[in-house]
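A.B. asks: coords please:
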Amino acid sequence: MNLRNTTARYGLPAVILHWLMLLLLVAVYACMELSDNFPKGSDMRAALKTWHYMLGLTVFVLVWIRLAVKLTGETPAIEPPPPVWQQRLSQLVQLALYALMIGLPLAGWFLLSAKGQVIPFFGLQLPALIAENRNAAGWIKEVHEIGATAGYFLVGLHAVASLYHHYFLRDNTLRRMLPGSKSPHHP
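C.D. replies: Below you'll find the predicted structure:
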């Protein structure tokens with residue numbers, strides 16, 4: 001597998017970052033969902049929330065690396081090419097996913113700042129982005145939660161679309177991003 005994207009498939013950095021981001025997003029969502037199963041004030045609830053914050057901020061760091069990899073490389077072509085409306089919809093969903101990976105962690109950082117809470121990041125304490133403000137914390141939390149709910153839909157749509165392309169249209173959409181898979185153009 002090449003380090004750089006080619007016209008036929010994504011390179012190793014793009015593939016690793018894609019699947020790593022998926023695992024991180026699953027972990028971020030799981031930490032928040034699972035924390036509700038534990039009583040307020042419990043150590044497990046606090047630990048899951050802390051992991052939610054740290055993993056969310058990890059998404060925020062890695063999305064910039066992923067964008068750099070994306071913007072400096074080619075985008076492998078889908079063969080056979082999909083209709084223009086599918087290409088546009090795909091671009092829109094991709095843009096929304098990037099907005100999610102930037103916006104949600106940033107909103108979380110703003111939220112912790114507005115609540116006057118510590119912003120933990122693997123042994124570091126990140127600076128507050130805004131001064132403590134309970135009113136701002138309320139609406140930032142709402143925006144964060146609406147975005148998180150939209151994230152379920154976007155990630156699901158992305159996954160269903162790739163499986164639809166793979167199993168029904170039988171094009172190379174998914175194969176371009178699978179680790180170790182070979183392109184039909186590059187045996």
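A.B. asks: And the helices in this structure?
C.D. replies: 12-35, 43-71, 84-115, 134-164 (DSSP state H).
A.B. asks: Which one of those helices lies nearest to Arg170?
C.D. replies: Arg170 lies closest to helix 134-164 among these, at 10.3 Å (Cβ to Cβ). Every C-beta, even on glycine, is put in place using the N, C-alpha and C of the backbone.
A.B. asks: Just put the helices of the chain in TSV and tack on mean neighbour count and mean pLDDT.
C.D. replies: TSV is the format used below for those (neighbours: other Cβ atoms under 10 Å; pLDDT from 0 to 100):
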stretch	mean neighbour count	mean pLDDT
helix 12-35	17	97
helix 43-71	17	97
helix 84-115	17	97
helix 134-164	14	97
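A.B. asks: Quick one: closest of these to Pro127.
C.D. replies: Counting by Cβ to Cβ, Pro127 lies closest to helix 84-115 out of the helices of the chain; the figure is 8.3 Å.
A.B. asks: So which elements touch the closest one?
C.D. replies: Secondary-structure packing of helix 84-115 (3 or more Cβ pairs under 8 Å, 6 or more residues apart in numbering; DSSP states H and E): helix 43-71, strand 119-121, helix 134-164.
A.B. asks: possible to save those as CSV with distance to Trp85?
C.D. replies: As requested, these are exported to CSV (distance: least, Cβ to Cβ, whole Å):
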stretch, distance to Trp85
helix 43-71, 22
strand 119-121, 41
helix 134-164, 13
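A.B. asks: right, and Ser113 touches Arg134 too?
C.D. replies: No - using Cβ atoms under 8 Å, Ser113 is not in contact with Arg134; the gap is 11.9 Å.
A.B. asks: Tell me how many other residues crowd the nearest residue to His166 once chain neighbours are set aside.
C.D. replies: Leaving out its chain neighbours, the residue that sits closest to His166 by Cβ to Cβ, 6 or more residues apart in numbering is Leu174, at 4.0 Å. Leu174: 16 surrounding residues under other Cβ atoms under 10 Å.
A.B. asks: Could you pull up the contacting residues of the most centrally placed residue in the chain?
C.D. replies: By Cα atoms, centre = their mean, the chain has its centre lying nearest to Met101, at 4.5 Å. Contacts for Met101 (Cβ atoms under 8 Å, 6 or more residues apart in numbering) come out as 21, 25, 59-60, 63, 66.
A.B. asks: From Trp64, how far off is it?
C.D. replies: Separation of Met101 from Trp64 (Cβ to Cβ, to the nearest Å): 9 Å.
A.B. asks: Same question for Leu97.
C.D. replies: Note on Leu97: its distance to Trp64, by Cβ to Cβ, is 14 Å.
A.B. asks: How about Ala150?
C.D. replies: Ala150 sits 21 Å away from Trp64, going by Cβ to Cβ.
A.B. asks: go on, Gly108?
C.D. replies: Distance of Gly108 to Trp64, computed by Cβ to Cβ: 16 Å.
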